[in-house]
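[1] Provided below are the primary sequence and the corresponding predicted coordinates.
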Amino acid sequence: MVKRLTGRKVLITGASRGIGFAIAEAFAEQGADLVLSATTEAGLAKAKSAIGKHRGKVTTIAADLSQAEEVSRLFAETTKRHPDLDVVVNNAGVHIAKPFTEYGMDEFDRIMKINVYSVFQMSQEAIRHMQSLGHGKVINIASTAGKWESMNQAAYNTTKHAVVGLTRCVALENAKNNINVNAICPGIVETDIVRNAAAKMEEAGLPQDEFRQMLESQIPMGRMLQPSEVANIAVYLASAESDGMTGQTITISGGMRMG
């Protein structure tokens with residue numbers, strides 16, 4: 001049986017853990033050849049080993065996407081290995097939570113570089129390449145934080161609003177080029193971001209179980225999402241099944257806000 005992503009050549013950033021790793025694993029299961037990127041060789045080696053049970057080629061390239069030259073190097077090395085690269089998943093990102101008046105400009109600069117500038121640059125590189133191919137798919141992992149407001153996340157929300165806007169504009173410009181550009185906006189997903197937040201709350205005196213219950217009480221479905229649930233949407237967006245869809249920001253939030 002032909003798998004849904006057989007023949008696809010895919011670059012995934014932030015692929016060593018969390019949502020990025022789940023996407024990589026799901027894509028491998030569906031027959032794609034992958035280039036995985038993250039900041040550390042050790043994390044990538046662990047991810048490659050875990051995915052190795054699936055057929056398809058998996059290669060890794062460590063890169064610091066806060067640096068423009070690293071983004072260019074990553075894309076150049078990827079297309080050298082896969083000249084027919086036709087799917088890019090912009091997943092790499094950082095999260096800094098604190099009251100608005102406590103953000104330092106160095107923190108704001110870092111979160112913008114990774115969450116916005118690298119997505120802009122990587123998408124630009126990808127679009128130019130895909131225009132030469134005559135087709136392609138760009139999938140941006142944004143957040144529900146890119147659709148509404150939230151406490152103590154002014155910098156993070158700003159970056160995700162930017163990704164949502166970028167997705168729509170690039171999609172509009174490239175619809176005629178047979179290139180699909182879409183974003184996924186997850187709500188609360190059980191990843192290191194949640195686990196790290198729980199640990200900090202415990203240090204402040206709130207037990208982790210109570211913190212989790214507080215989060216889940218905000219979700220109509222009563223539970224946090226799993227990374228694999230986000231990955232399933234990414235598989236759809238990378239497949240031929242979504243060829244008629246572009247410029248969309250798909251929310252998966254357990255019903256927190258339905259729009």
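    Perfect, thanks for sending it. Numbering: from 1, shown residues only.

[2] from here on, just use CA atoms for contacts and neighbour counts.
    OK.

[3] do you have the strands of the stretch 51-200 of the chain handy? List them.
    Using DSSP state E, counting those that start in this stretch, the strands assigned to the stretch 51-200 of the chain run over residues 58-62, 87-90, 136-141, 179-186.

[4] make JSON lines out of those strands and add mean pLDDT, mean neighbour count and distance to residue 232.
    Shown next, in JSON lines, are the strands of the stretch 51-200 of the chain (pLDDT from 0 to 100; neighbours: other Cα atoms under 10 Å; distance: least, Cα to Cα, whole Å):
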{"stretch": "strand 58-62", "mean pLDDT": "97", "mean neighbour count": "19", "distance to residue 232": "19"}
{"stretch": "strand 87-90", "mean pLDDT": "98", "mean neighbour count": "26", "distance to residue 232": "13"}
{"stretch": "strand 136-141", "mean pLDDT": "98", "mean neighbour count": "26", "distance to residue 232": "13"}
{"stretch": "strand 179-186", "mean pLDDT": "98", "mean neighbour count": "26", "distance to residue 232": "11"}
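
[5] hmm, residue 157 is touching residue 146, no?
    Yes - between residue 157 and residue 146 a contact is recorded at 5.6 Å, counting by Cα atoms under 8 Å.

[6] overlap in contacts, these two.
    Contact criterion Cα atoms under 8 Å, 6 or more residues apart in numbering; residues shared by residue 157 and residue 146: none found.

[7] quick one on the thing from earlier: can you redo the strands of the stretch 51-200 of the chain as TSV with distance to residue 5?
    Listed next are these as TSV, based on distance: least, Cα to Cα, whole Å:
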stretch	distance to residue 5
strand 58-62	14
strand 87-90	10
strand 136-141	12
strand 179-186	15
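
[8] which helix runs longest in this protein?
    When the chain is parsed with DSSP state H, its longest helix is helix 154-174.

[9] which residue is most remote from the mean position of this protein?
    Distance from the C-alpha centroid of the chain peaks at residue 205, with 32.0 Å (Cα atoms, centre = their mean).

[10] is that residue part of a helix or strand, or is it coil?
    Assigned with DSSP: H, G, I helix; E, B strand; the rest coil, residue 205 falls in the coil class.

[11] so for it, what's the pLDDT?
    According to the predicted model, the pLDDT of residue 205 comes to 87.

[12] same question, residue 212
    Residue-level pLDDT assigned to residue 212 equals 88.

[13] what do you get for the one 4 residues further on?
    Predicted confidence (pLDDT) at residue 216: the value is 93.

[14] now tell me what touches the longest helix of the chain from outside.
    95-97, 99-100, 103, 108, 111-112, 115-116, 119-120, 140, 142-143, 145-150, 179-183, 246-249.
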